[in-house]
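Asker: Sharing a sequence plus its predicted fold:
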Amino acid sequence: MFKTVLFPIDQSREAREAADVVTNLVQKYGSRLVLLSVVEETATDVAEPDAMQSSEIVSQLLSSAQSLFSQQGIECEILERQGKPAFTICDVADDIGADLIIMGCRGLGLTEEGASDSVTTRVINLSPCPVLVVP
């Protein structure tokens, strides 16, 4: 049913909580799991970039998540991309032929357009496949 599952992660509590749902679903369906983290584009005038703007921190996050899934007996692929999170998530889902995207309800960020427009909302609206949002 879900041959390929894309799990975009950041350092949020919601992403950590969604990992349990991902584990259960991937084990149940024997799905291919792809972890994605997006290094956000930074403005050149920002003195201190946030964590998701650091390639090193994102790489560590992906490695840590891969280890956690490995402990559950789940092999997964990791992808690190740079760009605007919602658009990048949807592009990767299309590129890998994802059957499902699983993500937390909020994550770290709202888009720069405002509080009512989260990355999750954008992914729901742009996704080439179903999106399971974990509250």
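Answerer: That came through fine.

Asker: Grab the nearest non-local neighbour of Leu132.
Answerer: Closest residue to Leu132 apart from its sequence neighbours, by CB to CB, 6 or more residues apart in numbering: Ile102 at 4.6 Å. Using the backbone N, CA and C atoms, a C-beta is placed for each residue, glycine as well.

Asker: Ser55 versus the one you found, what's the distance?
Answerer: Distance of Ile102 to Ser55, given as CB to CB, to the nearest Å: 24 Å.

Asker: who has more neighbours, those two?
Answerer: Ranked by neighbour count (other CB atoms under 10 Å), Ile102 and Ser55 place Ile102 first, with 23 against 12.

Asker: For that one, which three-state class applies?
Answerer: The three-state assignment at Ile102 reads strand, by DSSP: H, G, I helix; E, B strand; the rest coil.

Asker: Strands along this protein, start to end?
Answerer: Taking DSSP state E, the strands of the chain run over residues 4-8, 32-40, 76-83, 100-104, 131-134.

Asker: Kindly reformat these as CSV containing mean pLDDT.
Answerer: Below are the strands of the chain laid out as CSV (pLDDT from 0 to 100):
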stretch, mean pLDDT
strand 4-8, 98
strand 32-40, 95
strand 76-83, 96
strand 100-104, 95
strand 131-134, 96
